[in-house]
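Participant: I'll drop the sequence and a predicted model, then ask my questions.
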Amino acid sequence: MPTPSMPGTTAMSDYKNAPPDILDQDNSLLVRFHGRMDGLHTGAFSEAVLSRIRAAAGPVVFDLAEVGFLSSVFLSLCITAAKTLGPERLQLVNVSPELRKVLKIAGLDAGLVTLTPH
């Protein structure tokens, strides 16, 4: 049975855990994440994502539109990516208010990455 959600929001159960889509688009790298970014799920793909980030020549965009939860492992991935790329090259887009709170608590809104709302 689906978890009820508030109007205009998506229930956690509506997000499906799947590996991220990693796409080269217009001289940038788009990484579209899906589901809960918990330790188990994020740990399964973080090295592959970091490998592509290290090879990227242009900006990198993390799309969080289909993400309902962020763990410390995902936050660590964001910090490593930001340190590898520099803050001007990493952007997190489609960040929900709930995820923005987590990113703010982790200090990722303090110039380390660019956050773009949902």
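Facilitator: Sure thing, it's come through.
Participant: where along this structure do the strands fall?
Facilitator: Ranges of strands in the chain, per DSSP state E, are 18-25, 28-37, 60-70, 90-95, 114-117.
Participant: The second one - contacts with which helices or strands?
Facilitator: By that I understand strand 28-37. Judged by 3 or more CB pairs under 8 Å, 6 or more residues apart in numbering; DSSP states H and E, strand 28-37 is in contact with strand 18-25, helix 39-55, strand 60-70. Yep, even glycine has a C-beta here, placed from its N, CA and C like the rest.
Participant: try the shortest one
Facilitator: In terms of contact count using 3+ CB pairs under 8 Å, 6+ apart, strand 114-117 is assigned the packing partners strand 90-95, helix 97-105.
Participant: Alpha carbons of it, as CSV, please.
Facilitator: Listed next in CSV are the C-alpha coordinates belonging to strand 114-117 (Å, rounded to 0.1, in the frame of the first residue of the first chain):
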residue,chain,number,x,y,z
THR,A,114,25.6,25.6,-5.6
LEU,A,115,22.1,24.5,-4.6
THR,A,116,19.1,25.0,-6.9
PRO,A,117,15.6,24.5,-5.5
